[in-house]
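Participant: Based on what follows, work out the 3D shape:
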Amino acid sequence: MPINGSQTVDDYINAWANLPSVMVDILRKVFLLLAYSAVLIGSIMVVWGAIEWATGYNELGGRKNIIRGVVLIILALAPMFVSTV
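Facilitator: Purely as a prediction, here's the structure:
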């Protein structure tokens, strides 16, 4: 960028060339947010199901919540397991 603050055609071309990397970065952050929220919700489901199962309040529903929570956590972490292989 020139010292006087005016932009040249090269600056615009470079900005347009960087757009794909910016979009990939935004998509990566969105997918990470979804994965983190899935792990959080899965963890809450596991804890809630364990409490239900342990107290006998909703024994069958508690077991189902534990299974659903574990499956949700595994699905959220699956890309990590696949990328390390």
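
Participant: Give me the residues contacting stretch 49-61.
Facilitator: Outside of stretch 49-61, the residues within contact range by C-beta atoms under 8 Å, 6 or more residues apart in numbering are 62-69. Every residue, glycine included, has its C-beta placed from N, CA and C.

Participant: what's the closest non-adjacent residue to residue 65?
Facilitator: Spatially, and ignoring its direct neighbours in sequence, residue 65 is nearest to residue 49 (3.0 Å; C-beta to C-beta, 6 or more residues apart in numbering).

Participant: ok, so what distance separates the one you found from residue 43?
Facilitator: 11 Å (C-beta to C-beta, to the nearest Å).

Participant: the more surrounded of the two?
Facilitator: Counted by other C-beta atoms under 10 Å, residue 49 and residue 43 do not tie: residue 49 has more neighbours, with 21 against 14.

Participant: residues touching residue 18, list them.
Facilitator: With C-beta under 8 Å, 6+ apart, residue 18 has no contacts at all.

Participant: Can you check which residues contact both of residue 49 and residue 43?
Facilitator: Common neighbours of residue 49 and residue 43 (criterion: C-beta under 8 Å, 6+ apart): residue 69.
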